[in-house]
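Colleague: Here's my sequence, what's the structure:
(one chain, ligands or ions: 1)
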Amino acid sequence: MSQDQSPQPYTPAQRVERVAPSATIAIGNRATALEAEGVDVLDLSVGEPDFDTPENIKRAAEESLAAGETGYTQSRGIPELRAAIAERHRADGIDCGPENVLVTPGAKQALFEVIQALVDPDEEVVLLDPAWVSYEAMAKLAGASLRRVDTAPYGFALEPALDDLAAAVSDETELLVVNAPGNPHGAVYSDAALEGVRDLAREHGITVIADEIYDQITYGREQTSLAALSGMGDRTVTINGFSKAYAMTGWRLGYLVAPEPIVEQASTVHGHSVSCATNFVQHAGVEALRNTDAAVAEMVAAFEDRRDLLIEELADRGLEVPAPEGAFYLMLPVDDDDQRWCETAIDRAHVATVPGSAFGTDGYARLSYAAGADRLREAVARLDEHDLL
Ligand SMILES: Cc1ncc(COP(=O)(O)O)c(C=O)c1O
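Modeller: This is a model prediction of the structure:
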């Protein structure tokens, strides 16, 4: 480095300094470093399906590219896709049309835009723990103050945690984030729980983000859409996307469905940050929504088999873990110092997991079962061999 005495060329922005680097990425980096040394790492830390994108969706993208659909699109998304998204969610009971839809490069971008659009510095955002890592980061980037309600003592169910939620929210609360089926816990929330959220939101004038990106990945019990409840249509932002159900993580396609003034506000952030989602990817998204039900059902059935296998393997070793009803994650109770447990798991057993503390709840490790049956069996065996179960 030079010994230049001139003033520092930059000072880091405070709002970024407040955000911790993603724990998921840190574990991923450790796994990658071990793999580079030739170690066979069983990676149960990743939040993506291990399936390839269904063929009909790939073909639709190829045809779109061949047809020259490579320019910018309307900022809010191509009309066919916005119409198909609105139609899908009307079928779930949400009163919406294309004017309520904003298509984004991934659901993450939709969340980022809506939080930027709604939250002013020092306004209060409430999270239900364990909460997916990026909600906290996005709220902090908007300058929000955070309140957290832990659902772990209730086995990750929301209904018994409603009193705690009622104690946490107030007229000062700007935004509440509800994620079901949830990452990292896999819980599906009951209608009674959602009605409790509705009553609190209406009482205190709260806008609710309902992140339902895993809504097609459920096992036996469906997740009701929060925005479909009477009295919630005008205060709910529904987040969804193509990454999980259609195995399209790398395509970057998601969206929000919201009352028009919120779409308007988020569109301003959208237009000045990403302009639009990728043109031919949006055309592939129309095909995904219209013609992929059978492939989605096959993937969901495979996730269910793997969930059952993981639960069985753990039970065989004396660990009874309740079966999550959605998504493809399981919270495994581990040592209080879950960070150290996860480090030992990767360094000694070469099994990558994510500490519960990264999601706001200590004492657990998140295992993703979006991995083949043999890998799951082997992962549990290795954890057992190293006395980690
Ligand atoms: C709960 C939840 N919401 C949103 C996302 C973002 O998905 P994407 O940006 O890939 O659409 C994820 C991805 O892990 C997630 O788990």
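Colleague: Show the contacting residues for Ser273.
Modeller: Ser273 sits next to 109, 113 when contact means C-beta atoms under 8 Å, 6 or more residues apart in numbering. C-beta: built from backbone N, CA, C; applies to glycine.
Colleague: what about it, distance to Glu264?
Modeller: 15 Å (C-beta to C-beta, to the nearest Å).
Colleague: before we move on, what about His350?
Modeller: Taken as C-beta to C-beta, the spacing of His350 relative to Glu264 amounts to 50 Å.
Colleague: the more surrounded of these two?
Modeller: Just comparing His350 and Glu264: by other C-beta atoms under 10 Å the higher neighbour count belongs to His350, 19 against 14.
Colleague: Not counting residues beside it along the chain, what's closest to that one?
Modeller: Once flanking residues are discounted, His350 sits nearest to Val41: 5.0 Å by C-beta to C-beta, 6 or more residues apart in numbering.
Colleague: just His386 next, same as before
Modeller: Closest residue in space to His386, ignoring its immediate chain neighbours: Ala349 at 4.4 Å, by C-beta to C-beta, 6+ apart.
Colleague: Also Ser45?
Modeller: Distances taken as C-beta to C-beta, 6+ apart place Ala352 nearest to Ser45, at 4.1 Å, with adjacent residues excluded.
Colleague: quick one: that neighbour and Ala345 touch, right?
Modeller: Yes: contact criterion C-beta atoms under 8 Å: Ala352 and Ala345 qualify, at 7.4 Å.
Colleague: avg pLDDT for the longest helix anywhere in the chain?
Modeller: Among the elements of the chain assigned as helix by DSSP state H, the one spanning the most residues is helix 293-316. Average pLDDT, helix 293-316: 98.
Colleague: which other helices and strands contact that helix?
Modeller: strand 329-333, helix 373-385 (3 or more C-beta pairs under 8 Å, 6 or more residues apart in numbering; DSSP states H and E).
Colleague: rerun that using 7 Å as the cut-off
Modeller: helix 373-385 (3 or more C-beta pairs under 7 Å, 6 or more residues apart in numbering; DSSP states H and E).
Colleague: Next, the angle from the helix it packs on to helix 293-316.
Modeller: 20 degrees (axes from the mean of the first three to the mean of the last three C-alpha atoms, to 10 degrees).
Colleague: which strands and helices sit next to helix 373-385?
Modeller: If contacts are counted by 3+ C-beta pairs under 7 Å, 6+ apart, helix 373-385 sits against strand 42-43, helix 293-316, strand 351-352.
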